[in-house]
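# Pasting the sequence and the predicted model now:
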Amino acid sequence: MTGVAAGAVHVVGGADHLVAMAPFSLSKPWAAFRHALAWGAGHSTGVVVLALIAIGLKDLAHVEAMSSWAEFLVGVALLVVGALAVRTAFGLELHTHEHRHDGAAEHRHLHLHVRGASNHRRHVHASSGLGLLHGLAGASHLLAVIPALALPPHAAVGYLVAYLLGSIGAMVAVVSVVSFLTLRSGARLMPFLVGGTGALSIITGAIWLQKTSPALF
């Protein structure tokens, strides 16, 4: 349970995690669920790679250097995701369809489409790539490895797996809740929600780059 709690707290406590995934949350629940799982898979891969390098090299200088570059790339990714979300918001078209069911009174349904696109589903590769960067960024992930080093091999593996499952579960829960609430808010608010999360992602990315750049350049 300790590993699960540590992984969940790490995800929920990281503003960059939540902001980066916010644009992906504004979709149908199943699509949002897939993006959250993809992020979790990428994040887990990054954490494991960072842990193996730390254990193999036993040199925190190398790990911190790699982590600093990953932190910088997270900022770049936030800018890209935000820009794409804003572009999508400007391309959303809201219109109605009128029809009737089994002789009932005619009624309308609101629908959203992306202008000039026949298929506007986001690929999960973007989510997994973001997760990988987040997994590699931040030497704080090593805190998840330190307790494992003091445990017997089978217990250490169990702790690390629990940490990864906790982080995946937390992201899936957050993204699914946001997606559900967005779905209930109605189609009229969707362009504003997408544009707003995109703008928030751009602002966060700019702050992130300002914070991480001095350590690299």
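Thanks, I have it.
# isn't G75 right next to G205, touching?
Yes: applying Cβ atoms under 8 Å, one finds G75 in contact with G205, separated by 4.9 Å. (Each C-beta comes from the backbone N, C-alpha and C, glycine too.)
# For the protein, which segments count as strands?
92-99, 107-114 (DSSP state E).
# mean pLDDT for those: which is lowest?
Mean pLDDT values for these show the minimum at strand 107-114, a mean of 48.
# Next one, pLDDT for F24 please.
At F24, pLDDT is 75.
# For A199, see how far away it is.
Distance from F24 to A199, counting by Cβ to Cβ, to the nearest Å: 16 Å.
# out of the two, which sits in the busier spot?
Neighbours per residue (other Cβ atoms under 10 Å) separate F24 from A199, with F24 holding more: 25 against 15.
# who touches that one in this structure?
Neighbouring residues of F24 by Cβ atoms under 8 Å, 6 or more residues apart in numbering: 32, 35-36, 39, 122, 126-127, 175.
# And the lowest mean pLDDT element among the helices and strands of this structure?
The helix or strand of the chain with the poorest confidence is strand 107-114; it has a mean of 48 (mean pLDDT, DSSP states H and E).
# Residue ranges in this structure under the pLDDT threshold?
1, 13-16, 54-66, 88-89, 91-124, 138-151, 185-190, 215-217 (pLDDT under 70).
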